[in-house]
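>>> got a predicted structure here, sequence first:
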Amino acid sequence: MVAQEAPALGTVKGTVVDSSGAVVSGATVRLTREGQTSSRDAVSGSDGVFTFTEVEPGAFQLTASAAGFDTRMASGLLHPGEILTVPDIALPVATAMTEVKVALTAPEIAQEQLQEAEKQRVFGVIPNFYISYDPHPVALNPKQKFSLAFKSITDPVTFGIVGVVAGLQQAQDSFSGYGQGAQGYAKRYGASYADLASGTMIGAALLPSILKQDPRYFYKGTGSKRSRFLYALANAVICKGDNGRWQTNYSAIMGSLAAGGISNLYYPESNRGARLTFENALIGIGAGGIANIIQEFLSTKITTNVPKRDPTQQ
């Protein structure tokens, strides 16, 4: 007797909005089935979108709720292997409330997520602040972007890493115009730190604030190794905007070019010029791609204080 194949699993997603059509972030959406006691929950992101993956085909019911709103229900039918987008779930403002609940604002939620990220360190030592494991991250405001950049470049471990880089440059006599000895080391140290500081402040704070882009890497963690590899590599030149949509990472690209141009002010005269600018820019972009690959495949294993993720909320 031939065994019957199980039906292919599907995906259910949608958007939670209020009565005016504005998105509602932080809403809890519960997926249930008739005759079953088990359920799954998802939380709408900053764009109001919620997603359930690996859902068994068949009839289902969604229940959406959020602080300050009345609960609303919706139902649907998922076919095998289907990616089903349900109509927007509109939550009306609650007309009567028996208790007062103070909901966190988007900046407050972002600050909590940021504080968690600032605890992340590779091997418990090296700062790893620019990766978000949250499946529904809230966009950072300009103040938070500058705060994260400043914390990153002023971390004691960062100064130590710059010292190692300067030492290797001196050992290889890179930028020979700096000379040797303590003076040569000090110049290399200053140049390396200036590269790091200018690149971080411009590419991860100033330009992201102006262009409304998010400087963080968003951990994928699901899918095939090939898809995750390509995702990590692509994130060197694309990023999420503050509106939650993917776009060209002008902040990182222009930031690398700007930092490369600024480096002409302090590198030896023999090393200055357009070549230095573009070399430093390409190195910055390439290093970003390599760092993303490491983040995607090794970060959860070598970074401390990584938050646990609910696979039903990817």
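Sure, I can see it. Computed from a predicted model, the values in this text were never measured in an experiment.
>>> then stretch 288-301 to PDB, C-alphas only?
Presented in PDB, the C-alpha positions along stretch 288-301 are these (Å, rounded to 0.1, in the frame of the first residue of the first chain):
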ATOM      1  CA  GLY A 288      30.600  44.500   5.200                       C
ATOM      2  CA  GLY A 289      29.600  41.600   3.000                       C
ATOM      3  CA  ILE A 290      32.000  39.200   4.800                       C
ATOM      4  CA  ALA A 291      30.800  40.500   8.200                       C
ATOM      5  CA  ASN A 292      27.200  39.800   7.200                       C
ATOM      6  CA  ILE A 293      28.000  36.200   6.200                       C
ATOM      7  CA  ILE A 294      29.700  35.700   9.500                       C
ATOM      8  CA  GLN A 295      26.700  37.200  11.300                       C
ATOM      9  CA  GLU A 296      24.300  35.000   9.400                       C
ATOM     10  CA  PHE A 297      26.100  31.700  10.000                       C
ATOM     11  CA  LEU A 298      28.200  32.100  13.100                       C
ATOM     12  CA  SER A 299      26.700  34.900  15.200                       C
ATOM     13  CA  THR A 300      24.300  32.800  17.200                       C
ATOM     14  CA  LYS A 301      27.100  30.400  18.100                       C
END
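>>> the lowest-mean-pLDDT helix or strand in the chain packs against which elements?
Of all helical and strand segments in the chain, the minimum by mean pLDDT, DSSP states H and E falls on helix 274-302, at a mean of 82. Helix 274-302 is packed against strand 217-218, helix 225-234, helix 250-262, with contacts defined by 3 or more C-beta pairs under 8 Å, 6 or more residues apart in numbering; DSSP states H and E. The C-beta positions use only the backbone N, C-alpha and C, and glycine is treated the same way.
>>> out of those, which gets nearest to G58?
helix 225-234 (27.4 Å; C-beta to C-beta).
>>> quick revisit: and the least confident helix or strand of the chain, which residues are buried?
Residues of helix 274-302 classed as buried by neighbour count (16 or more other C-beta atoms under 10 Å): 276-277, 280-281, 284-285, 288, 291-293, 295-296, 299.
>>> returning to that earlier point: now render the helices and strands packed on helix 274-302 as CSV, adding distance to V16 and mean pLDDT.
CSV is the format used below for the helices and strands packed on helix 274-302 (distance: least, C-beta to C-beta, whole Å; pLDDT from 0 to 100):
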stretch, distance to V16, mean pLDDT
strand 217-218, 21, 90
helix 225-234, 26, 92
helix 250-262, 29, 84
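>>> same list, those, but as a markdown table with distance to K119 please.
Shown next, in a markdown table, are the helices and strands packed on helix 274-302 (distance: least, C-beta to C-beta, whole Å):
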| stretch | distance to K119 |
| --- | --- |
| strand 217-218 | 17 |
| helix 225-234 | 23 |
| helix 250-262 | 24 |
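>>> among the ones you listed, which is nearest Y178?
Of these, nearest to Y178 by C-beta to C-beta is helix 250-262, at 17.2 Å.
>>> which outside residues touch that closest one?
Around helix 250-262, the neighbours that count as contacts under C-beta atoms under 8 Å, 6 or more residues apart in numbering are 194-195, 198-199, 202-204, 206-208, 211, 213, 215, 236-237, 239, 276-282, 284-285, 288.
>>> what does stretch 127-135 give?
The contact list for stretch 127-135 (C-beta under 8 Å, 6+ apart) reads 45, 113, 117-118, 120-122, 148, 151-152, 155, 157-158, 204, 215-219, 221, 295, 299-300, 303, 306-307, 309-310, 313-314.
>>> what stretches of the stretch 1-150 of the chain score poorly on pLDDT?
By pLDDT under 70, the low-scoring segments of the stretch 1-150 of the chain are 1-6, 96-103.
>>> got the residue ranges for the helices in it?
Here the stretch 1-150 of the chain has its helices, by DSSP state H, counting those that start in this stretch, at 106-117, 142-153.
>>> buried residues in the helix or strand that the last one is followed by?
When you say that, I think you mean helix 142-153. Per DSSP states H and E, the first helix or strand lying C-terminal to helix 142-153 is helix 156-171. Using 16+ other C-beta under 10 Å as the test for burial, helix 156-171 gives T158, V162, V165, A166, Q169, Q170.
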